[in-house]
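> Let me see the structure of the following:
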Amino acid sequence: MKIIVLVLTGLSIAACGGSSNSSDISPVIETNDGSTTEQVTSVDAKVKELTRVDSEVTALEADELVNNYNTFALSLFRDSAKVKLDVNSLYSPYASYTAFSQLVTAAQDDTLVGLQKNLLLTQTQDVFLNARNQLDLSLLSNTNDAIELLSKNILIANKGYDFSFPFLENNVLYFGSDVQFLDFDNDLETTKRNIYESLKVVSSDGLKDRAWVDSLSNTEKLVMINQFSFDAEWKTPFVKESGSVGQFTKVDLNTIDVEFMSAFLDTQYYIDESTVVVEIPTMSSKYSVIVATTKLWELGEFIDQLTSESLDELYSKMRPGDIALELPEFSLSAFINGVGESLSPQGFHEQLANFSALNERMSDDTYVKYSELYHELAFNREGITADAESALVVSQKPLPDADMSGGLIIMSPGFPLIPIAIIGQEISIKIDSPFIVILRDNDTNMILQLGLINDPLL
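Take a look at the predicted model:
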């Protein structure tokens, strides 16, 4: 399977001064055999007593965060173009945005300003943390027998390092982080095994092999991980009928034979002379999948103009109706170990230095790398499954860059109109050319996962 994934740039941190917020709490001490001495630190005990808070924010503050977040997600999706035409694109912004957002709790002064710029934040740190926490809790609270959504944050701290308690406290209070103190300095192999075991708690199949865990060294100070999982049944299941094989035209104008599945949906849709947007409802009214496509030669321009505002405008134009929808079944996955092109349109190349809220020594020769990106999306007759895992490593040495490229597909002209038939009051749509898929939280319009499907067979 050939997948292009949008991957994030490493962040080199140089010294630039700022206020300090070091802690006088002594580190945990553990022997090489794994036993713990009587000197258990007060910071470890304090963290274990913390519980996640219920944040209260205004509707305007929540809307502002969603707009910033969607702008961030669509910027990555839109601006990472100019790659080969024979690939699919898949990205889960929620996992990566959450992992990077945890750094906001460690940033001060110019570093905080830089993070706000690159995460496209317009809110104060306090408002952002509360709004993000409220939205996350809202997502997690809406599950039933047909819907499963899980977002788990894990913070692995080097127990030989003197972390600021407020940093750890904020990660528990506003991210619900599972904070673990592991010994990178003296027992690295046990630390790696413990990280593997922590990750398996969420992933029934363990996801994929995690090369980034194996590559960890004793120079690492902090690892922040987000795991995201979504599984939902369709409100109206699709079916496959005999003779459902048809042609699908890719961006390069080559055609492939694929099996189409079909469903008669009571849903929302929008159609004009060049664009089709259809909502596929799940068993929960809170979540749905948006499928969008255009004339093939206009798809590049459509993606280039896809912003948070233009997407909201499309949603506002959707109207209720009955749709007979045909489209291919597909399953995509991507696993990247390393770093790639860009975090945002501005790039993550600022000299961000002041992490004194994390520890006063977080200045010289400190590096933050986006070490792993794993995304998966399965779209079949019964429902949709989306999984993602993102990991940030804070180290006192630069981690090696991986040779990665990322982005969307450049479109070329030459394909006819989208097949649309209107018979009486019934609208029939067959999506047999590249299309965009968006997993959406309907209450907020937050994008949980999005992809561009150029070849359903890959």
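> CA atoms for contacts and neighbours, from now on please.
Will do.
> Could I get the contacting residues of Gly176?
Residues near Gly176 by C-alpha atoms under 8 Å, 6 or more residues apart in numbering: 51-52, 152-153.
> report the longest helix in this protein, please.
Counting residues, the longest helix found in the chain (DSSP state H) is helix 59-79.
> which strands and helices sit next to the helix or strand following it?
Counting by DSSP states H and E, the next helix or strand C-terminal to helix 59-79 is strand 88-91. If you count contacts as 3 or more C-alpha pairs under 8 Å, 6 or more residues apart in numbering; DSSP states H and E, strand 88-91 packs onto strand 3-5, strand 330-337, strand 366-379, strand 446-453.
> please redo it, this time with the cut-off set to 7 Å
Applying 3 or more C-alpha pairs under 7 Å, 6 or more residues apart in numbering; DSSP states H and E, one finds that strand 88-91 contacts strand 3-5, strand 446-453.
> Touching the last one from outside, list them.
Where contact means C-alpha atoms under 7 Å, 6 or more residues apart in numbering, the residues beyond strand 446-453 that reach it are 66, 70, 88-94, 434-441.
> Do a quick rundown of the strands in the stretch 51-200 of the chain.
88-91, 147-158, 178-182 (DSSP state E, counting those that start in this stretch).
> and Ser262, what does it touch?
By C-alpha under 7 Å, 6+ apart, the neighbours of Ser262 are 238-240, 325-327.
> change it to 6 Å
238-239, 325-326 (C-alpha atoms under 6 Å, 6 or more residues apart in numbering).
> Any chance of CSV for these, columns pLDDT?
Shown next, in CSV, are the contacts of Ser262 (pLDDT from 0 to 100):
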residue, pLDDT
Phe238, 93
Val239, 91
Leu325, 93
Glu326, 92
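> hmm, which two among these are most spread apart?
Greatest spatial distance in those: Val239 and Leu325, 10.7 Å, computed using C-alpha to C-alpha.
> Between these two, point out the one with more neighbours.
Ranked by neighbour count (other C-alpha atoms under 10 Å), Val239 and Leu325 place Leu325 first, with 20 against 16.
> three-state assignment of the more buried one?
Under DSSP: H, G, I helix; E, B strand; the rest coil, Leu325 falls in the strand class.
> Tell me what it is bridged to.
Ala263, Ile429 (DSSP bridges).
> OK, contacts around it?
Leu325 neighbours (C-alpha under 6 Å, 6+ apart): 262-263, 429.
> Present these as a markdown table; the columns should include pLDDT and distance to Arg78.
As requested, the contacts of Leu325 are exported to a markdown table (pLDDT from 0 to 100; distance: C-alpha to C-alpha, whole Å):
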| residue | pLDDT | distance to Arg78 |
| --- | --- | --- |
| Ser262 | 93 | 29 |
| Ala263 | 93 | 30 |
| Ile429 | 90 | 26 |
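> and which of these is nearest Leu121?
Ile429 (38.5 Å).
> Relative to Ile195, how far out is that closest one?
Here the criterion is C-alpha to C-alpha, to the nearest Å. By it, Ile429 lies 47 Å from Ile195.
> likewise Ala157?
Distance from Ala157 to Ile195, by C-alpha to C-alpha: 11 Å.
> which one of those two has more residues nearby?
Ala157 (22 against 18).
> tell me the pLDDT at that one?
pLDDT for Ala157: 89.
> mind listing what it touches?
With C-alpha under 6 Å, 6+ apart, Ala157 has these contacts: 181, 222.
> Now do Pro328 against Val245, distance only.
9 Å.
> And the helices in the chain?
Using DSSP H, helices in the chain cover 42-49, 59-79, 93-101, 109-118, 125-140, 165-175, 188-200, 211-214, 299-304, 308-317.
> Could you tell me which ranges of this protein sit under the pLDDT cut-off?
1-41, 79-86, 108-111, 200-209, 242-243, 334-373, 396-426 (pLDDT under 70).
> got the buried residues for stretch 174-194?
By 16 or more other C-alpha atoms under 10 Å, the buried positions in stretch 174-194 come out as 174-188, 190-192.
> Would you mind listing the buried residues in stretch 227-241?
So, applying 16+ other C-alpha under 10 Å, buried residues of stretch 227-241: 227-240.
> quick check, nearest of these to Leu60?
The closest of the buried residues of stretch 227-241 to Leu60 turns out to be Phe228 (C-alpha to C-alpha; 25.9 Å).
> measure that closest one to Arg132 for me?
Distance from Phe228 to Arg132, by C-alpha to C-alpha: 15 Å.
> With the flanking residues excluded, which residue is spatially nearest to Phe379?
Nearest residue to Phe379, sequence neighbours excluded (C-alpha to C-alpha, 6 or more residues apart in numbering): Phe330, at 5.4 Å.
> nope, Asp185 is what I was after
Using C-alpha to C-alpha, 6+ apart, the nearest residue to Asp185 is Asn218, at 4.8 Å.
> Thought Asp183 was touching the one you found, still the case?
No. Counting by C-alpha atoms under 6 Å, Asn218 does not reach Asp183; the two are 8.5 Å apart.
> Can you tell me which of the helices and strands packed on strand 88-91 is nearest to Leu112?
The nearest among the helices and strands packed on strand 88-91, by C-alpha to C-alpha, is strand 446-453 at 23.9 Å.
> Would you mind giving the orientation angle of the closest one with respect to helix 308-317?
Counting by axes from the mean of the first three to the mean of the last three C-alpha atoms, to 10 degrees, strand 446-453 lies at 90 degrees to helix 308-317.
> how far does strand 446-453 sit from the chain's center?
9 Å (C-alpha atoms, centre = their mean, to the nearest Å).
> heads up, I number from 50, so please use that
Yep, numbering from 50; the last one is strand 495-502 now.
> which residues sit in contact with Ser357?
So Ser357 contacts 119-120 (C-alpha under 6 Å, 6+ apart).
> what do you get if the cut-off is 7 Å, keeping everything else the same?
With C-alpha under 7 Å, 6+ apart, Ser357 has these contacts: 116, 119-120.
> Columns neighbour count and distance to Ser213 on top of the residues you listed, output as JSON lines?
As requested, those are exported to JSON lines (neighbours: other C-alpha atoms under 10 Å; distance: C-alpha to C-alpha, whole Å):
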{"residue": "Asn116", "neighbour count": "22", "distance to Ser213": "31"}
{"residue": "Asn119", "neighbour count": "23", "distance to Ser213": "31"}
{"residue": "Thr120", "neighbour count": "21", "distance to Ser213": "32"}
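> what's the closest of those residues to Ile352?
For the contacts of Ser357, the nearest to Ile352 is Thr120 (13.1 Å; C-alpha to C-alpha).
> so the closest one makes contact with Gln354?
No. Using C-alpha atoms under 7 Å, Thr120 is not in contact with Gln354, being 11.8 Å away.
> related to what we said a few turns ago, unless I'm misreading it, the residue nearest to Phe428 sits right up against Arg430, doesn't it?
No. Between Phe379 and Arg430 there is no contact under C-alpha under 7 Å: 9.9 Å.
> tally of neighbours for the closest residue to Val486 other than its chain neighbours?
With sequence-adjacent residues excluded and distances taken as C-alpha to C-alpha, 6+ apart, Val486 is closest to Val340, at 4.8 Å. Look at Val340: counted by other C-alpha under 10 Å, it has 21 neighbours.
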